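> Dropping a prediction and its sequence here:
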Amino acid sequence: MPSKQHQAVVDQLLDAVAPVNPTLAEMRQTYDQILLPFRPVEGTTFAKHRAGGIDVDFVTAPGADQDRCVVFIHGGGYVLGSVHAYHEMASRISAATDSRVALVDYRLAPEAVAPAALDDCITAYRGLIDDGLNPEQISFVGDSAGGGMALLLVARLAHTDIPTPGAAVALSPWIDVAVRADMPDEKQTGDPMLTPDGLRWFAQTYLGAASGDDPVHNALHADLTGTPPVLIQTGTRDITHQDAILFTERARATGVEVVLDVYPELIHDWHAYGPDLPEGQQALARVGAFLAEHTN
(Lines give C-alpha, C1' and ligand atoms only; values in the text may rest on other atoms or scores of the structure.)
Protein backbone atom coordinates (compact mmCIF):
# COMPACT_ATOMS: atom_id res chain seq x y z
CA MET A 1 0.00 0.00 0.00
CA PRO A 2 1.51 3.40 -0.95
CA SER A 3 0.80 4.89 2.50
CA LYS A 4 3.08 2.24 4.04
CA GLN A 5 5.69 3.04 1.40
CA HIS A 6 5.39 6.69 2.37
CA GLN A 7 5.67 5.91 6.07
CA ALA A 8 8.74 3.74 5.43
CA VAL A 9 10.42 6.63 3.62
CA VAL A 10 9.62 9.00 6.48
CA ASP A 11 10.81 6.52 9.14
CA GLN A 12 14.08 5.95 7.28
CA LEU A 13 14.73 9.66 6.95
CA LEU A 14 13.89 10.37 10.58
CA ASP A 15 16.12 7.55 11.82
CA ALA A 16 18.99 8.86 9.72
CA VAL A 17 18.95 12.48 10.84
CA ALA A 18 17.05 12.88 14.12
CA PRO A 19 19.31 13.60 17.14
CA VAL A 20 18.44 12.56 20.70
CA ASN A 21 17.16 15.40 22.90
CA PRO A 22 17.76 17.92 20.12
CA THR A 23 18.34 21.62 20.50
CA LEU A 24 16.20 24.03 18.50
CA ALA A 25 19.01 24.44 15.97
CA GLU A 26 19.25 20.65 15.58
CA MET A 27 15.47 20.36 15.15
CA ARG A 28 15.60 22.92 12.36
CA GLN A 29 18.51 21.15 10.72
CA THR A 30 16.74 17.80 10.96
CA TYR A 31 13.54 19.16 9.44
CA ASP A 32 15.43 20.59 6.48
CA GLN A 33 17.51 17.43 6.02
CA ILE A 34 14.34 15.36 5.67
CA LEU A 35 13.23 17.51 2.72
CA LEU A 36 16.51 18.31 1.01
CA PRO A 37 17.22 14.86 -0.53
CA PHE A 38 14.25 15.25 -2.89
CA ARG A 39 15.22 16.84 -6.20
CA PRO A 40 13.29 19.72 -7.84
CA VAL A 41 11.53 19.30 -11.16
CA GLU A 42 14.16 19.36 -13.90
CA GLY A 43 14.60 22.79 -15.42
CA THR A 44 13.09 24.69 -12.48
CA THR A 45 14.53 28.15 -11.93
CA PHE A 46 15.06 29.90 -8.59
CA ALA A 47 15.29 33.64 -7.99
CA LYS A 48 15.54 35.81 -4.88
CA HIS A 49 13.05 38.67 -4.59
CA ARG A 50 11.90 41.29 -2.07
CA ALA A 51 8.13 41.66 -1.84
CA GLY A 52 7.07 44.51 0.41
CA GLY A 53 10.39 44.20 2.22
CA ILE A 54 9.97 40.45 2.85
CA ASP A 55 12.33 37.93 1.26
CA VAL A 56 10.67 35.46 -1.09
CA ASP A 57 12.11 32.81 -3.38
CA PHE A 58 10.49 32.62 -6.80
CA VAL A 59 10.37 28.97 -7.90
CA THR A 60 9.30 28.48 -11.51
CA ALA A 61 8.89 25.14 -13.27
CA PRO A 62 9.51 25.05 -17.05
CA GLY A 63 6.71 26.74 -18.98
CA ALA A 64 4.84 28.06 -15.92
CA ASP A 65 2.62 31.10 -16.49
CA GLN A 66 4.48 34.18 -15.18
CA ASP A 67 1.21 36.03 -14.53
CA ARG A 68 -0.17 33.42 -12.14
CA CYS A 69 1.41 33.13 -8.70
CA VAL A 70 1.11 30.73 -5.79
CA VAL A 71 2.13 32.30 -2.49
CA PHE A 72 3.47 29.23 -0.74
CA ILE A 73 3.62 29.16 3.07
CA HIS A 74 5.82 26.34 4.30
CA GLY A 75 5.10 24.12 7.27
CA GLY A 76 7.15 23.44 10.38
CA GLY A 77 4.88 24.36 13.26
CA TYR A 78 5.73 28.09 12.99
CA VAL A 79 9.15 27.11 14.42
CA LEU A 80 10.90 24.97 11.78
CA GLY A 81 11.29 24.96 8.00
CA SER A 82 13.05 27.13 5.43
CA VAL A 83 12.41 28.31 1.90
CA HIS A 84 15.52 26.49 0.68
CA ALA A 85 14.34 23.13 2.04
CA TYR A 86 10.96 23.63 0.31
CA HIS A 87 12.39 24.31 -3.15
CA GLU A 88 11.59 20.77 -4.32
CA MET A 89 8.00 20.81 -3.15
CA ALA A 90 7.51 24.31 -4.56
CA SER A 91 8.83 23.14 -7.93
CA ARG A 92 6.21 20.37 -8.03
CA ILE A 93 3.49 22.85 -7.06
CA SER A 94 4.66 25.20 -9.81
CA ALA A 95 4.51 22.41 -12.38
CA ALA A 96 1.11 21.18 -11.19
CA THR A 97 -0.48 24.64 -11.08
CA ASP A 98 1.19 26.24 -14.13
CA SER A 99 2.18 29.14 -11.86
CA ARG A 100 5.20 30.81 -10.40
CA VAL A 101 5.58 30.01 -6.72
CA ALA A 102 6.61 32.68 -4.24
CA LEU A 103 8.01 30.95 -1.15
CA VAL A 104 7.69 33.39 1.76
CA ASP A 105 10.65 33.54 4.14
CA TYR A 106 8.52 34.46 7.14
CA ARG A 107 9.95 34.87 10.63
CA LEU A 108 10.00 31.83 12.89
CA ALA A 109 9.26 31.45 16.59
CA PRO A 110 10.50 31.78 19.28
CA GLU A 111 12.61 34.58 17.82
CA ALA A 112 9.38 36.19 16.55
CA VAL A 113 6.10 35.14 18.16
CA ALA A 114 2.51 35.46 16.92
CA PRO A 115 1.37 37.09 14.75
CA ALA A 116 4.78 37.74 13.14
CA ALA A 117 4.54 34.92 10.59
CA LEU A 118 1.07 36.00 9.45
CA ASP A 119 2.09 39.64 9.26
CA ASP A 120 5.08 38.73 7.08
CA CYS A 121 2.89 36.75 4.68
CA ILE A 122 0.39 39.60 4.36
CA THR A 123 3.20 42.09 3.77
CA ALA A 124 4.73 39.86 1.09
CA TYR A 125 1.33 39.40 -0.57
CA ARG A 126 0.75 43.16 -0.66
CA GLY A 127 4.23 43.58 -2.08
CA LEU A 128 3.48 41.15 -4.91
CA ILE A 129 0.34 43.11 -5.76
CA ASP A 130 2.34 46.34 -5.70
CA ASP A 131 4.78 44.65 -8.08
CA GLY A 132 1.95 44.33 -10.58
CA LEU A 133 0.45 40.88 -9.96
CA ASN A 134 -3.33 40.58 -10.22
CA PRO A 135 -4.76 39.29 -6.89
CA GLU A 136 -7.35 37.29 -8.82
CA GLN A 137 -4.46 35.29 -10.29
CA ILE A 138 -2.77 34.77 -6.91
CA SER A 139 -3.51 31.89 -4.55
CA PHE A 140 -2.29 30.92 -1.10
CA VAL A 141 -1.04 27.36 -0.66
CA GLY A 142 0.42 25.99 2.57
CA ASP A 143 1.25 22.66 4.17
CA SER A 144 0.75 21.70 7.83
CA ALA A 145 1.08 24.90 9.90
CA GLY A 146 1.45 26.74 6.60
CA GLY A 147 -1.93 25.34 5.57
CA GLY A 148 -3.48 26.68 8.76
CA MET A 149 -1.87 30.05 8.04
CA ALA A 150 -3.20 30.06 4.48
CA LEU A 151 -6.75 29.64 5.76
CA LEU A 152 -6.30 32.24 8.48
CA LEU A 153 -4.77 34.70 6.03
CA VAL A 154 -7.62 34.61 3.52
CA ALA A 155 -10.13 34.98 6.35
CA ARG A 156 -8.26 38.03 7.69
CA LEU A 157 -7.83 39.63 4.27
CA ALA A 158 -11.58 39.39 3.65
CA HIS A 159 -12.04 42.02 6.39
CA THR A 160 -9.39 44.47 5.19
CA ASP A 161 -9.05 46.85 2.25
CA ILE A 162 -6.53 44.44 0.69
CA PRO A 163 -8.08 42.42 -2.17
CA THR A 164 -8.34 38.71 -1.42
CA PRO A 165 -6.55 36.18 -3.62
CA GLY A 166 -8.48 34.01 -6.00
CA ALA A 167 -8.33 30.89 -3.83
CA ALA A 168 -6.53 29.08 -1.02
CA VAL A 169 -5.30 25.51 -0.65
CA ALA A 170 -4.46 23.85 2.66
CA LEU A 171 -2.44 20.61 2.57
CA SER A 172 -2.77 18.61 5.80
CA PRO A 173 -3.50 21.85 7.63
CA TRP A 174 -2.78 22.29 11.32
CA ILE A 175 -5.46 24.84 12.15
CA ASP A 176 -6.35 24.52 15.83
CA VAL A 177 -3.38 26.07 17.64
CA ALA A 178 -5.34 25.65 20.88
CA VAL A 179 -4.81 21.85 20.40
CA ARG A 180 -8.06 20.69 21.95
CA ALA A 181 -7.93 18.07 24.71
CA ASP A 182 -9.81 15.42 22.71
CA MET A 183 -7.34 15.47 19.82
CA PRO A 184 -6.53 11.84 18.87
CA ASP A 185 -2.96 10.83 19.58
CA GLU A 186 -0.47 9.05 17.35
CA LYS A 187 -1.51 5.62 18.67
CA GLN A 188 -5.08 6.21 17.56
CA THR A 189 -4.21 7.66 14.17
CA GLY A 190 -1.04 5.71 13.34
CA ASP A 191 0.57 8.98 12.22
CA PRO A 192 4.36 8.92 12.77
CA MET A 193 4.85 12.60 12.07
CA LEU A 194 3.28 14.42 15.01
CA THR A 195 1.87 14.02 18.51
CA PRO A 196 -0.62 16.22 20.40
CA ASP A 197 2.10 17.07 22.93
CA GLY A 198 4.41 18.04 20.09
CA LEU A 199 1.75 20.31 18.62
CA ARG A 200 1.22 21.89 22.04
CA TRP A 201 4.93 22.65 22.23
CA PHE A 202 4.87 24.25 18.79
CA ALA A 203 1.77 26.25 19.74
CA GLN A 204 3.23 27.49 23.01
CA THR A 205 6.50 28.41 21.30
CA TYR A 206 4.69 30.37 18.61
CA LEU A 207 1.90 31.95 20.64
CA GLY A 208 3.92 33.12 23.63
CA ALA A 209 1.40 34.81 25.93
CA ALA A 210 -1.38 34.83 23.30
CA SER A 211 -4.40 32.52 23.48
CA GLY A 212 -4.74 29.67 21.01
CA ASP A 213 -8.51 30.28 20.92
CA ASP A 214 -8.06 33.86 19.73
CA PRO A 215 -9.55 34.20 16.22
CA VAL A 216 -6.51 36.30 15.29
CA HIS A 217 -4.46 33.09 15.53
CA ASN A 218 -6.96 30.27 15.02
CA ALA A 219 -9.01 29.94 11.84
CA LEU A 220 -11.51 27.66 13.60
CA HIS A 221 -12.68 30.75 15.50
CA ALA A 222 -12.19 33.39 12.81
CA ASP A 223 -14.94 35.22 10.95
CA LEU A 224 -14.91 33.36 7.63
CA THR A 225 -17.37 35.65 5.84
CA GLY A 226 -16.02 36.65 2.45
CA THR A 227 -13.31 33.97 2.35
CA PRO A 228 -12.49 32.94 -1.25
CA PRO A 229 -12.86 29.32 -2.43
CA VAL A 230 -10.81 26.81 -0.48
CA LEU A 231 -9.44 23.33 -1.18
CA ILE A 232 -8.39 21.23 1.81
CA GLN A 233 -6.58 17.90 1.55
CA THR A 234 -6.19 15.52 4.48
CA GLY A 235 -5.51 11.84 5.11
CA THR A 236 -7.51 9.56 7.36
CA ARG A 237 -4.36 8.82 9.39
CA ASP A 238 -3.36 12.47 9.52
CA ILE A 239 -3.20 13.65 13.13
CA THR A 240 -4.71 16.98 12.04
CA HIS A 241 -7.52 15.28 10.10
CA GLN A 242 -10.20 16.51 12.51
CA ASP A 243 -8.99 20.10 12.09
CA ALA A 244 -9.82 19.85 8.39
CA ILE A 245 -13.28 18.43 9.12
CA LEU A 246 -14.14 21.10 11.70
CA PHE A 247 -12.97 23.96 9.50
CA THR A 248 -14.89 22.63 6.50
CA GLU A 249 -18.10 22.42 8.52
CA ARG A 250 -17.69 25.98 9.87
CA ALA A 251 -16.75 27.43 6.51
CA ARG A 252 -19.64 25.81 4.66
CA ALA A 253 -22.05 27.02 7.33
CA THR A 254 -20.76 30.54 6.62
CA GLY A 255 -21.30 30.15 2.89
CA VAL A 256 -17.68 29.62 1.89
CA GLU A 257 -17.03 27.32 -1.08
CA VAL A 258 -14.92 24.47 0.32
CA VAL A 259 -13.72 21.33 -1.42
CA LEU A 260 -12.50 18.68 1.03
CA ASP A 261 -10.36 15.85 -0.35
CA VAL A 262 -9.89 12.94 2.06
CA TYR A 263 -7.20 10.38 1.18
CA PRO A 264 -7.58 6.94 2.83
CA GLU A 265 -4.64 5.78 4.97
CA LEU A 266 -2.46 8.83 4.21
CA ILE A 267 -0.50 10.41 7.07
CA HIS A 268 0.34 14.02 7.86
CA ASP A 269 1.83 16.15 5.09
CA TRP A 270 2.41 13.28 2.66
CA HIS A 271 2.72 15.88 -0.10
CA ALA A 272 6.13 16.97 1.23
CA TYR A 273 7.74 13.63 2.03
CA GLY A 274 6.87 11.42 -0.91
CA PRO A 275 7.11 13.08 -4.33
CA ASP A 276 7.05 9.72 -6.12
CA LEU A 277 3.89 8.45 -4.40
CA PRO A 278 0.88 8.15 -6.71
CA GLU A 279 -1.26 9.86 -4.03
CA GLY A 280 1.17 12.77 -3.94
CA GLN A 281 0.96 13.21 -7.69
CA GLN A 282 -2.81 12.84 -7.61
CA ALA A 283 -3.18 15.37 -4.79
CA LEU A 284 -1.12 18.06 -6.52
CA ALA A 285 -2.94 17.43 -9.82
CA ARG A 286 -6.16 18.16 -7.91
CA VAL A 287 -4.58 21.36 -6.57
CA GLY A 288 -3.70 22.37 -10.13
CA ALA A 289 -7.22 21.77 -11.40
CA PHE A 290 -8.77 23.67 -8.49
CA LEU A 291 -6.53 26.71 -8.96
CA ALA A 292 -7.03 26.65 -12.72
CA GLU A 293 -10.75 27.01 -12.08
CA HIS A 294 -10.46 29.84 -9.55
CA THR A 295 -7.39 31.89 -10.55
CA ASN A 296 -7.56 32.08 -14.36
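Arrived safely, thanks for sending. The structure displayed is predicted, hence computed values, not measured ones. Numbers count the residues shown, from 1 in each chain.
> Can you show me the helices along this protein?
2-17, 24-35, 87-97, 116-130, 145-157, 186-189, 196-207, 241-254, 270-273, 278-295 (DSSP state H).
> Might you report the residue contacts of the nearest residue to residue 75 once chain neighbours are set aside?
Leaving aside its sequence neighbours, residue 75 sits nearest to residue 144 (CB to CB, 6 or more residues apart in numbering; 3.1 Å). From N, CA and C alone the C-beta is placed, and that goes for glycine too. By CB atoms under 8 Å, 6 or more residues apart in numbering, residue 144 lies in contact with 75-77, 171-174, 240, 268-269, 272.
> sorry, back to before: so which of the helices of the chain gets nearest residue 56?
For those, proximity to residue 56 was assessed by CB to CB; helix 116-130 is nearest, at 5.6 Å.
> averaged over its residues, what pLDDT does the closest one have?
Averaged across helix 116-130, the pLDDT comes to 98.
> same check, this time on stretch 34-43
Mean predicted confidence for stretch 34-43 is 93.
> What are the buried residues along it?
34-35, 38, 40-41 (16 or more other CB atoms under 10 Å).
> Just checking the distance from that stretch to the centre of its chain.
Between the centre of stretch 34-43 and the centre of its chain there are 18 Å (CA atoms, centre = their mean, to the nearest Å).
> same thing with stretch 163-178?
7 Å.
> Kindly report the same for stretch 199-211.
The answer for stretch 199-211 is 18 Å, by CA atoms, centre = their mean.
> who touches that stretch?
77-79, 109-110, 113-114, 117, 145, 174, 177-179, 183, 212, 216-217, 239.
> now swap in stretch 148-164 and tell me
Outside stretch 148-164, the residues touching it (CB under 8 Å, 6+ apart) are 73, 117-118, 121-122, 125-126, 129, 135-136, 140-142, 165, 168-170, 173-177, 216-219, 222-228, 230, 232, 243, 247.
> 6 Å instead, please
With contact meaning CB atoms under 6 Å, 6 or more residues apart in numbering, stretch 148-164 is reached by 73, 121, 135, 140, 142, 168, 170, 173-175, 219, 222, 224, 226-228.
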